[in-house]
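[1] Okay, predicted coordinates and the sequence, questions at the end:
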Amino acid sequence: MSESFFSELAFHWTLYQNMFAQGILIAVTLSLTGVLVVARNQIFTGAAISAASTLGIAMALVLAQYSTVHHHTPDDDHAANWYHSDSFKTTMAVISAVAASLIVVGRGRSRNAYEARIGWIFLVSTVGANLLVAKSPHSLEEIHRVHSSSILGAAQSENVLLALVAMVTLLVLAATWRGQLLLATDSEMASSSGMRASLWQWVYAIWLAICIGLAIRFSGLLYTFGMLVLPALIARSCCHTMRAVLIASPIVALGATLLVFVPELIPGWSTGYPSEQLAVFLLGVALLPAWCYQQLRLRWQQGRVSHR
């Protein structure tokens, strides 16, 4: 290979390294958290929290515009700078996600009430986000970017925060995975075994919201929701035990991420398509044969039982 190829490769790495790292960190964190979401049959909880996080970003954009119009003193200038910062948008995204998640956790025993709250959060958040920015072309464009997903312009400081979140997620699941999966599948059994089920429900809700809120802010809706549910669904369809699902889910997410992000680093290999959307699309396609395998396996097992 020529020297120009390696120099161009080094240039691409410098240009895309933060995006590459961010895609991997979000994929691994969400795919691990998604195992619990899928085990609890709370897929649409993830959608509702994602929508609420988007609403938080829209609120941050509106407050930033308001501060620009109404600041008159140096203190107002300082506040305006905070309202225009990326940190403020991230804070609002996480706060809105946590609020939505806590509303869902306080659902009581009624499944109908739970689904009603999920639907309400999703619709109000989605419509509210679009209405808040409807009269501002710049803000509307940013909300559309959040909906479509893009991690171009990823910053190293964002990756440090995501790495911390990923590390905590790994450590907590490694230490408590048996109890977490028992709580996800049979909360009454978890309580009777001595586990503080109520406390862990709240911890799960807040941590899920933090993960989703940060991912929505940094990567957008499609990539966040896709990495939250698709790797876990694929792993559950192909694996025989929940422990295997917990291991396979991040591997699936990491594989899809590397498959679409690595070509962006190699000169002449770029697909020209948005990497985030392409990764989600590949996972969605991969779920179809995984479902087929699951059905064939179930029929084979049923056939063995019937012949005994």
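    It's in. Because the structure is predicted, anything quoted here is derived from the model rather than measured.
[2] going forward, measure contacts between C-alpha atoms and count neighbours the same way
    Noted.
[3] How far does stretch 189-200 stretch from one end to the other?
    With C-alpha to C-alpha, to the nearest Å as the measure, the ends of stretch 189-200 fall 14 Å from one another.
[4] quick one: average confidence on that stretch?
    Stretch 189-200 carries an average pLDDT of 80.
[5] Would you mark the buried spots in it?
    Neighbour counts using 16 or more other C-alpha atoms under 10 Å place 190, 195, 197 of stretch 189-200 among the buried residues.
[6] Who are the contact partners of the last one?
    Which is A197. 183, 187, 190-191 (C-alpha atoms under 8 Å, 6 or more residues apart in numbering).
[7] Nearest to I216 among the buried residues of stretch 189-200?
    Closest approach between the buried residues of stretch 189-200 and I216, by C-alpha to C-alpha: A197, at 28.0 Å.
[8] T185 versus the closest one, what's the distance?
    Distance from A197 to T185, by C-alpha to C-alpha: 12 Å.
[9] wait, isn't Y114 in contact with L102?
    No. Applying C-alpha atoms under 8 Å, one finds Y114 not in contact with L102, separated by 11.8 Å.
[10] Give me the most central residue, this protein.
    By C-alpha atoms, centre = their mean, the mean C-alpha position of the chain lies nearest to T224, the distance being 3.3 Å.
[11] and the helix or strand that that one is a member of, what other elements does it pack with?
    Element membership of T224, judged by DSSP states H and E, is helix 221-238. If you count contacts as 3 or more C-alpha pairs under 8 Å, 6 or more residues apart in numbering; DSSP states H and E, helix 221-238 packs onto helix 3-39, helix 43-70, helix 137-148, helix 197-219, helix 242-265, helix 275-306.
[12] just how off-centre is that helix within its chain?
    9 Å (C-alpha atoms, centre = their mean, to the nearest Å).
[13] Helix 275-306 and that one, what's the angle between them?
    With axes from the mean of the first three to the mean of the last three C-alpha atoms, to 10 degrees defining the directions, helix 221-238 sits at 20 degrees from helix 275-306.
[14] Using PDB, list the CA coordinates for helix 221-238.
    Taking C-alpha atoms only, helix 221-238 is exported to PDB below (Å, rounded to 0.1, in the frame of the first residue of the first chain):
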ATOM      1  CA  LEU A 221     -33.600   8.800  18.400                       C
ATOM      2  CA  LEU A 222     -33.200   6.100  15.800                       C
ATOM      3  CA  TYR A 223     -29.700   4.900  16.900                       C
ATOM      4  CA  THR A 224     -30.700   5.100  20.600                       C
ATOM      5  CA  PHE A 225     -33.900   3.100  20.300                       C
ATOM      6  CA  GLY A 226     -32.400   0.700  17.800                       C
ATOM      7  CA  MET A 227     -29.500  -0.200  20.000                       C
ATOM      8  CA  LEU A 228     -31.700  -0.400  23.100                       C
ATOM      9  CA  VAL A 229     -34.000  -3.100  21.700                       C
ATOM     10  CA  LEU A 230     -32.700  -4.800  18.600                       C
ATOM     11  CA  PRO A 231     -29.500  -6.400  19.900                       C
ATOM     12  CA  ALA A 232     -31.400  -7.800  22.900                       C
ATOM     13  CA  LEU A 233     -34.200  -9.100  20.700                       C
ATOM     14  CA  ILE A 234     -31.700 -10.800  18.400                       C
ATOM     15  CA  ALA A 235     -29.900 -12.300  21.400                       C
ATOM     16  CA  ARG A 236     -33.100 -13.500  23.100                       C
ATOM     17  CA  SER A 237     -34.200 -15.200  19.900                       C
ATOM     18  CA  CYS A 238     -30.900 -17.100  19.400                       C
END
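[15] Many thanks, have a good one.
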